[in-house]
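Enquirer: I'd like to go over a predicted model; first the sequence, then the structure.
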Protein chains: 2
Amino acid sequence: MELVEVSDADDPRLADYTRLRDVELRKSLEAEHGLFIAEGEKVIRRAVGAGYPVRSVLLTRKWLASLRDLPGDVTAYVVSDEVMRNVAGFHVHRGALASMARLPLPSVADLLAGPGVRRATGEEEALLGHGDVERGGRHPRRILVLEDLVDHGNVGAIFRCAAALGIDGIVLSPRCADPLYRRAVKVSMGAVFAIPYARMADWYAGLEEVREAGYRLLALTPDQNATPIDTVKTGERVALLLGAEGDGLSSRWLDEADESVCIPMSPTAMAAGVDSLNVVAAAAIACHGLMRPSR
Amino acid sequence: MELVEVSDADDPRLADYTRLRDVELRKSLEAEHGLFIAEGEKVIRRAVGAGYPVRSVLLTRKWLASLRDLPGDVTAYVVSDEVMRNVAGFHVHRGALASMARLPLPSVADLLAGPGVRRATGEEEALLGHGDVERGGRHPRRILVLEDLVDHGNVGAIFRCAAALGIDGIVLSPRCADPLYRRAVKVSMGAVFAIPYARMADWYAGLEEVREAGYRLLALTPDQNATPIDTVKTGERVALLLGAEGDGLSSRWLDEADESVCIPMSPTAMAAGVDSLNVVAAAAIACHGLMRPSR
């Protein structure tokens, strides 16, 4: 690790870390330079462990020891608390940030094909009688499809739930919030690195592609006439569709789904106006429901 | 509704609304004056509907029409956006705040006895042969007990889940965050008014009081050797114990519980370091598990 002391918050070498709370600025900066920010020792280590290359580290002297052994040829900018605050735009609680390089996302088709499948060569196909070669991986059986969630915290929390409960992959609609945005990474505790995901190119046709890959599409809705999540027959491959905060799933996606499912709620609470769960709580219950032994 | 235009953020009549983001100031102000703040039309109406008296309303002219019909003799202070921001300390998104009077909390014993039970008079006792008179209510069968949760957003989110899923009541440890603090009220969407709760006077002896009221104590833990939540035998009355963010339940409460229960997690995720759910996701899954048909 190469240590570089920096005393000026405007030093161009710190440009990756500028104004972390400015969502619009960050979006353009991160898209243009293909980077994202990991915060705190634990999350930085998880990002490194997941194979993301480190562009640089920014930390105060106090946190140096905790990251000194990061593998590879890493440049660490060492700054005072004040410079750290001035660069980031707030007090960084766990005094260490890393700028990481993004990796190319898989296409939805590649994600759904699983880690261990590739297209056979002509010779292999002639031999096997089909066009896929298994490379020892497994197909994702249970996936989530998130439609237009706008809150980075919610996206991070859903990734954390999904990873912890054993969901195999996540497909995002084109407008869904970025799982590698700082707050999503932080709330997920690094689970965004632990679960493979892809982003649809096209909202309109995207869901059909998931179905054609062999998934039964279950739309989660607050409608209490839908099938209760614990009684739904899930079959071999299932995609659970989760809608945006507030509005829920679009009518197009609701219509396209094979079945609507719901989480049973208290009639008393509904009468009193407590008529929905927040999307993270709903996702947690639904993921748990999906992951119970097959029926 | 009496309308009073106020043009000065330092006007003493607005004292209830001062610096809403200053947790320490608000704690002392709210404790001393027995008030709490509801934010936005929907939540204000739910607080009024739940029987909390309105001390006053503070709103910008734009939001006047939405609350004009509040019942009772309410004073509304009408201010500019700028005064609103200066009083509250931030931009109030849903332009209306209400200062509400707190009501006395029931004791834990009263909460667990349910809304419809009182001590019989001597004459009644002689007649009935026992000392309780049912007044048509029901005993709370499923309750949560929260130990030292410090985050107001988490407390609000757990109240929302609990209410929506049909939990009958919540007991708080002495140090647990206040459900009527503004952020808790907001995150709960007003569910803190829909579910009865009480606060233990004593952490040390408090859990024993719950058990003596006839509840089986289930401690929720990440320990995967505990009983999976969906297979636990719940019996007639169950109290689910939820521990603080980060640390979880204290060893005293874990020891005191009748049984430890867990949410099954993915072994792959645990191996990758994604080894827990956040407390709201865990609470949501556990409440859902408790509320399924009795086993």
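Expert: Okay, I see it. Remember, it's a predicted structure, so these values are computed and weren't measured experimentally.
Enquirer: all helices of chain A, in order?
Expert: Assigned by DSSP state H, chain A shows helices spanning A:23-33, A:41-49, A:64-67, A:81-88, A:108-113, A:122-128, A:152-165, A:182-187, A:203-212, A:251-256, A:267-271, A:279-291.
Enquirer: can you redo those as CSV with mean pLDDT and distance to chain B?
Expert: No exception for glycine: its C-beta is placed from N, CA and C like everyone else's. Below are these laid out as CSV (pLDDT from 0 to 100; distance: least, C-beta to the nearest C-beta, whole Å):
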stretch, mean pLDDT, distance to chain B
helix A:23-33, 86, 16
helix A:41-49, 94, 6
helix A:64-67, 93, 16
helix A:81-88, 93, 19
helix A:108-113, 92, 17
helix A:122-128, 69, 29
helix A:152-165, 96, 4
helix A:182-187, 94, 8
helix A:203-212, 95, 22
helix A:251-256, 96, 21
helix A:267-271, 84, 5
helix A:279-291, 94, 4
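Enquirer: export those helices as TSV, with columns for distance to B:A31 and mean neighbour count.
Expert: What follows is those, written out as TSV (distance: least, C-beta to C-beta, whole Å; neighbours: other C-beta atoms under 10 Å in any protein chain shown):
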stretch	distance to B:A31	mean neighbour count
helix A:23-33	36	13
helix A:41-49	36	20
helix A:64-67	39	16
helix A:81-88	32	18
helix A:108-113	52	19
helix A:122-128	73	11
helix A:152-165	30	27
helix A:182-187	31	23
helix A:203-212	50	16
helix A:251-256	47	14
helix A:267-271	29	14
helix A:279-291	30	26
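Enquirer: number of residues surrounding A:V78?
Expert: 18 (other C-beta atoms under 10 Å in any protein chain shown).
Enquirer: residue contacts, it?
Expert: Shown in contact with A:V78 (C-beta atoms under 8 Å, 6 or more residues apart in numbering or on different chains): A:3-6, A:59-61, A:64.
Enquirer: domains of chain A?
Expert: According to automatic domain parsing, chain A comprises the domains A:2-101, A:142-291.
Enquirer: residues contacting the closest residue to chain B within the stretch 101-250 of chain A?
Expert: The stretch 101-250 of chain A approaches chain B most closely through A:G166 (3.1 Å), counting by C-beta to the nearest C-beta. By C-beta under 8 Å, 6+ apart, the contact set of A:G166 is A:142, A:291, B:265-266, B:268-269.
Enquirer: neighbouring contacts of stretch A:253-267?
Expert: A:147, A:207-208, A:211, A:216-229, A:232, A:240-241, A:243, A:249, A:274-277, A:282, A:285-286, A:289, B:163-166, B:288, B:291.
Enquirer: distance to B:G122 added to the helices of chain A, as CSV?
Expert: Formatted as CSV, these follow (distance: least, C-beta to C-beta, whole Å):
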stretch, distance to B:G122
helix A:23-33, 68
helix A:41-49, 63
helix A:64-67, 69
helix A:81-88, 69
helix A:108-113, 73
helix A:122-128, 89
helix A:152-165, 55
helix A:182-187, 58
helix A:203-212, 70
helix A:251-256, 62
helix A:267-271, 35
helix A:279-291, 48
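Enquirer: do you know which of those helices lies nearest B:A198?
Expert: helix A:267-271 (19.0 Å; C-beta to C-beta).
Enquirer: could I get the domains of chain A as CSV with distance to B:V155?
Expert: Below are those laid out as CSV (distance: least, C-beta to C-beta, whole Å):
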stretch, distance to B:V155
domain A:2-101, 21
domain A:142-291, 14
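Enquirer: which one of those domains lies closest to B:R199?
Expert: Among the domains of chain A, if distance is taken as C-beta to C-beta, the winner is domain A:142-291, at 21.3 Å.
Enquirer: kind regards, and thank you for your time.
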